[in-house]
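*Asks:* Return a 3D structure for these sequence lines:
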Amino acid sequence: MTDRERTLQQLHPLGTLATRPITLVAAASLPIYASVMTWLNGADIRSTPLAALALIAITASGVILVVGSRPLVAPFTRAQSAAAVGAALVALTLSVASTWTLNSYVRDDWAAPAIGLVLLALAPFRPASWIVLAGLLSAGFAGVLAAIQSPWFVTPVPPTVFVVTQTVPIVALALASAAFSRSLVRGLERWSEQATTAVSALGDSRVDWIARSVQQDRVTILGRAVIPYFASVVQSGEVTAESRERAREIADSIRSVMVADIDRSWLDGIVEQAAMGAGVAGRLSSTAVIDAAGLVTELDIDRRTALRALVVALFSHPDFSPSSLQIRVIPDGERVFITLNAAVDCSGGRLRTRLEPYFAVMRILFPDSVVAFDRPSLRLRFSYEQ
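*Replies:* All right, here's what the predicted structure looks like:
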């Protein structure tokens, strides 16, 4: 997963969900703040249509923040971020044009702080370097506009003062946003390194535990079938045709169990464990997982964990039908496509409430994942390179 950006959303999707209300508040406050300041400074407006267009542009910036931060369309892309900042810069330009030669004070202009607020809202979705660069470019543009307007400002100070006044809100909020993004990302990366080290240190003990577990399974098989058989033969003192047939049946049974264990993938095991945990193991379909080529074993640990969490969440959903689950793994050229079909008899809102965090993680780890829900049919499709 080296192609993932160093952002909070990419490294910790669930953490980004917790910060989304802040993004929504910032997006909603943009048009409110702009409208109030436009009304308070109505005497400075030369062109009402341009002022209205400025409000529309800053509203569009907020809409981009709201739509782009939705979990089901994650991740928030570089293009969407640029569009949000670009719309705010357009709002700045239109606001300046609407008050051209009539704007008396730069300190009560709303567009520059609004740009800074947009950059602050992008903290969970953009790397710190991107935020700093966008902030400096935006501040430079705002500073140029302030310098051009300086002849009409009534305060008798050098033009550089107006430039500083206009650019400080943008730079300050951009740096705050970048610092927030960088500190979170570094903290997550340190935690990941420590966790990886801890897992590696437990490697030997984990192998021993697996070996003991497999050994215990084999002993259990022997204890249930083989040992009682030998005890009956010893007790009878002879080997009959019936005992030979019984020995053949036991051998075939043990062989089939071992072959099935070899053919089972980690995904089969996860589905069975989730079903057992939910108490519905007997209701699973025999074709719950279809992976003839065993390609699902190629998934890395992050993607396995995300898929496992989604499967477990499905089985914990009260409206999920276990017998409907089918996970199909199909190769197509250099990619492997996985389709998950299930029946969840509930409303779309209830489904999103329970499963949206898991869909968000899947969108980060599988950028092409698509979720379709037509009650009660749920379909999730995603792919990865072989």
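*Asks:* What ranges does the stretch 251-386 of the chain have for its strands?
*Replies:* For the stretch 251-386 of the chain, the strands defined by DSSP state E, counting those that start in this stretch cover 289-290, 320-332, 335-344, 370-374, 377-385.
*Asks:* Between the ones you listed, which one is closest to residue 141.
*Replies:* strand 370-374 (37.7 Å; CB to CB). C-betas here are computed from N, CA, C, even on glycine.
*Asks:* got a list of contacts for the closest one?
*Replies:* With CB atoms under 8 Å, 6 or more residues apart in numbering as the contact definition, strand 370-374 has outside contacts at 72, 344, 348, 351, 359, 378-382.
*Asks:* Spatially, which two of the residues you listed are the most separated?
*Replies:* 348 and 382 (19.8 Å).
*Asks:* which of the two has more neighbours?
*Replies:* residue 382 (21 against 11; other CB atoms under 10 Å).
*Asks:* which residues touch that one?
*Replies:* Neighbours of residue 382 in contact, by CB under 8 Å, 6+ apart: 337-338, 362, 366, 368-370.
*Asks:* and if we set it to 10 Å?
*Replies:* 303, 306-307, 336-340, 362-363, 365-371 (CB atoms under 10 Å, 6 or more residues apart in numbering).
*Asks:* what's the spacing between it and residue 171?
*Replies:* Taking CB to CB, to the nearest Å as the measure, residue 382 falls 40 Å from residue 171.
*Asks:* cool, and residue 155?
*Replies:* Residue 155 is 21 Å from residue 171, by CB to CB.
*Asks:* same thing with residue 62?
*Replies:* 21 Å.
*Asks:* higher neighbour count, the two?
*Replies:* residue 62 (26 against 21).
*Asks:* How about residue 317, nearest residue that isn't a chain neighbour?
*Replies:* Closest residue to residue 317 apart from its sequence neighbours, by CB to CB, 6 or more residues apart in numbering: residue 354 at 5.6 Å.
*Asks:* and the one you found, how many neighbours?
*Replies:* Quick note: residue 354 (other CB under 10 Å) scores 18 neighbours.
*Asks:* do the same with the one 3 residues further on
*Replies:* Residues contacting residue 357 under the criterion other CB under 10 Å number 19.
*Asks:* Kindly report the same for the one 3 residues further on.
*Replies:* For residue 360, the count of nearby residues is 22 (other CB under 10 Å).
*Asks:* Start at 36, not 1
*Replies:* In the new numbering, first residue 36, that becomes residue 395.
*Asks:* any idea how far residue 100 is from the nearest residue to it once chain neighbours are set aside?
*Replies:* Closest residue to residue 395 apart from its sequence neighbours, by CB to CB, 6+ apart: residue 106 at 3.4 Å. Residue 106 sits 14 Å away from residue 100, going by CB to CB.
*Asks:* what touches both of those two?
*Replies:* Contacts common to residue 106 and residue 100, judged by CB under 10 Å, 6+ apart, are residue 55.
*Asks:* Residue 114 and residue 103 touch, don't they?
*Replies:* Yes: Residue 114 lies in contact with residue 103 (CB atoms under 10 Å); the separation is 9.4 Å.
*Asks:* out of those two, which sits in the more crowded spot?
*Replies:* Just comparing residue 114 and residue 103: by other CB under 10 Å the higher neighbour count belongs to residue 103, 21 against 10.
*Asks:* hang on, isn't residue 388 packed against residue 382?
*Replies:* Yes: counting by CB under 10 Å, residue 382 is a contact partner of residue 388 at 9.4 Å.
*Asks:* model confidence over stretch 180-188, on average?
*Replies:* Averaging the model's pLDDT scores along stretch 180-188 yields 86.
*Asks:* Residues contacting it, please?
*Replies:* 79, 124, 127-128, 130-132, 134-142, 144, 146-147, 192-202.
*Asks:* which of residue 106 and residue 100 has more neighbours?
*Replies:* Using other CB under 10 Å as the criterion, residue 106 and residue 100 rank with residue 100 on top: 27 against 23.
*Asks:* buried stuff in whichever strand or helix holds the more buried one?
*Replies:* Assessed by DSSP states H and E, residue 100 sits inside helix 83-103. Judged by neighbour count (16 or more other CB atoms under 10 Å), helix 83-103 contains these buried residues: 85-86, 88-97, 99-101, 103.
*Asks:* Lowest-confidence one in those?
*Replies:* Scoring the buried residues of helix 83-103 by pLDDT puts residue 103 last, at 88.
*Asks:* Isn't it up against residue 112?
*Replies:* Yes: contact between residue 103 and residue 112 holds when scored by CB under 10 Å: they sit 7.3 Å apart.
*Asks:* Need the residues touching each of these two.
*Replies:* Shared contacts of residue 103 and residue 112 (CB under 10 Å, 6+ apart): 118, 160.
*Asks:* how far away is residue 413 from residue 405?
*Replies:* Taken as CB to CB, the span from residue 413 to residue 405 is 12 Å.
*Asks:* can you check residue 161 too?
*Replies:* 24 Å.
*Asks:* Quick one: low-confidence residue ranges for the stretch 186-335 of the chain.
*Replies:* Within the stretch 186-335 of the chain, the segments meeting pLDDT under 70 span 223-224, 226-262, 264-265, 268, 286-299.
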